[in-house]
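In: Sequence unavailable; structure follows:
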Ligand code: ADP
Ligand code: MG
C-alpha cells in the first residue's frame, strides 16, 4: 500500500470549478513579512498544463537560457507542484471520511495538524469532527478546553454504554468544527478495553452516529501503537502520518507502515495511507532537505506536496487555544494548512456524496 503506483497522479486530474462555487470565507493574502520570515516555497500556484519541458536541442532558445524559471516551479519535496483545485461546494453533509493522524513518535506535529487541517477543511464548508484520542488532551487544550474540568470525555463514550456521542461532542470557536475532548481518564481505557468484546472496534462503533453529520472526522492519536491507536486505525479510512524532518523519522515510519499493514490485513481492509506530511521543515538546513528527499524516494507520491515549515507561530497558537487559520489568518503557516486542506480534498476521497454536481 505504500507502493507509489497506488497513489493518485494529481497532475492528471481534470478539474472544472462548478459555476456556483465561491470560497466560504475570503482568504487573506499573506503579509510580505511572513513570506520573508518563513520563505515558503510551497505556495506556488502552478498549473501542470502550463508546463513546457526544456528543449535541450534548442540551445539558443530563450527557454534554454532561463532554466531557473522552471526550477522555481518545483515544490519543496522536489516534485513539480500541482495546482490544487478549490473543493466543490457541498449541498449536504456526510458520509464522513475518517482520517487518523498517527505516528508513534511524540512531538512530530500530529495534534498541530489535526487542529489546523480541521480548521482549514471547515473553511471550505465541510463539517469537521476532531476526536482527541490522546490521554494528554493536547488537542482539547489547543482548542481552549480545560481537560481536568470535563464531565464527559471520549473515555466515557468508549466505556459507558449509556453515554451518547451527542453528550460528549462540543462546538469549537471554528464554525463547522466540533470536538470530542479527552483527558487523562483515557489512559485507563487501554487496560479496560482489553476485556471488551471486539475491543479493536469500539471507537468505530461509538463514532457511527457521526458518520452522516460530518464530512471529515480527524482522530488525533497518542504517540504509541497500543490498543487505542489500533482502535483509531480500525475506525479510519485513511491515515495521515505527520513526520518531523529528522534522521530517526525514517526508522519510525517503517514500524508504523508495518502496523498499518497488519491492521489492513486483519481488521480494516480498506485502510490506506492518505499521505505523509513533512512538518517542522526548515529549508535553510541541508539535513531537513536530505531527510525529505529520502522520504520521497521511499514513499513517492504518498508524500504530500504540501510541507509545514517550522515556525514559532504554532506553539503560540496552542497558548492562544485556537487554530492558526484564525490566530494569524494571513500567515504562511495558515496558508500552508489551507493548501494541505485543498490537497487532502483533491486526493479525491473526501468529496462526499453531498458534493454539488
Ligand atoms: P504531537 O501531537 O505529534 O505530539 P504536536 O503537534 O503537539 O506534536 O507538536 C509538538 C510541539 O511542536 C508543540 O509544542 C507544537 O506547538 C510544536 N510544533 C508543531 N508543529 C510545529 C511547526 N511546524 N513549527 C514549530 N513548532 C511546531
Ligand atoms: Mg499530540
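Out: Now that the structure is in, tell me what you want to look at. These numbers were taken from a predicted model, which means no experiment stands behind them. Ligands and ions are numbered 1, 2, ... in the order given.

In: Run through the stretch 151-300 of the chain and note the low-pLDDT ranges.
Out: Scanning the stretch 151-300 of the chain for pLDDT under 70 picks out no residues.

In: and the stretch 151-300 of the chain, which residues reach ligand 1?
Out: Within the stretch 151-300 of the chain, the positions adjacent to ligand 1 are 223, 279-280 by Cβ under 6 Å from any ligand atom. Every residue, glycine included, has its C-beta placed from N, CA and C.

In: do the same with the stretch 1-150 of the chain
Out: Residues of the stretch 1-150 of the chain lying near ligand 1 (Cβ under 6 Å from any ligand atom): 106-112, 138.

In: Quick check: buried residues in stretch 215-229?
Out: Within stretch 215-229, the residues scored as buried using 16 or more other Cβ atoms under 10 Å are 215-223, 225, 227-229.

In: That stretch: how far from the chain's middle?
Out: Relative to its chain's centre, stretch 215-229 lies at 12 Å (Cα atoms, centre = their mean, to the nearest Å).

In: Is it in proximity to ligand 2?
Out: No: applying Cβ under 5 Å from the ion, one finds stretch 215-229 out of contact with ligand 2, separated by at least 5.9 Å.

In: Which strand or helix spans residue 190?
Out: Using DSSP states H and E, residue 190 sits within helix 186-193.

In: That helix: how far from the chain's middle?
Out: Distance of helix 186-193 from the chain centroid (Cα atoms, centre = their mean) equals 26 Å.

In: same thing with stretch 294-308?
Out: 14 Å.

In: tell me which residues in that stretch are buried?
Out: For stretch 294-308, a neighbour-count test (16+ other Cβ under 10 Å) marks 295-296, 298-308 as buried.

In: and if you look at stretch 144-158?
Out: 145, 147, 150, 152-158.

In: Any residue of that stretch touching ligand 2?
Out: No: against ligand 2, stretch 144-158 shows no contacts by Cβ under 5 Å from the ion, the least distance being 12.7 Å.

In: Start and end of that stretch, how far apart?
Out: Stretch 144-158 has an end-to-end distance of 23 Å (Cα to Cα, to the nearest Å).

In: Could you shift the numbering so residue one becomes 469, and keep it that way?
Out: Sure, I'll start counting at 469 from here, so that last one is stretch 612-626.

In: could you list every residue that touches the residue nearest to residue 784 when sequence neighbours are not counted?
Out: Nearest non-adjacent residue to residue 784, counting by Cβ to Cβ, 6 or more residues apart in numbering: residue 795, 7.1 Å away. Shown in contact with residue 795 (Cβ atoms under 8 Å, 6 or more residues apart in numbering): 781, 784-785, 788.

In: Narrow those to those that are buried.
Out: With neighbours counted by 16+ other Cβ under 10 Å, these contain buried members at 781, 785.

In: and the contacts of residue 795 as TSV, adding secondary structure and pLDDT?
Out: Shown next, in TSV, are the contacts of residue 795 (DSSP: H, G, I helix; E, B strand; the rest coil; pLDDT from 0 to 100):
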residue	secondary structure	pLDDT
781	helix	95
784	helix	94
785	helix	93
788	helix	92
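
In: which among the residues of the stretch 469-618 of the chain next to ligand 1 gets closest to residue 759?
Out: Among these, residue 576 lies closest to residue 759 (Cβ to Cβ), at 12.3 Å.

In: And the helices in the stretch 569-718 of the chain?
Out: Remark: helices assigned in the stretch 569-718 of the chain by DSSP state H, counting those that start in this stretch are 578-590, 606-610, 622-627, 633-636, 654-661, 670-675, 695-703, 717-734.

In: In terms of secondary structure, what does the longest one contact?
Out: What that stands for is helix 717-734. Helix 717-734 makes packing contacts with helix 695-703, strand 706-712, strand 740-747, helix 754-767 when contacts are defined by 3 or more Cβ pairs under 8 Å, 6 or more residues apart in numbering; DSSP states H and E.
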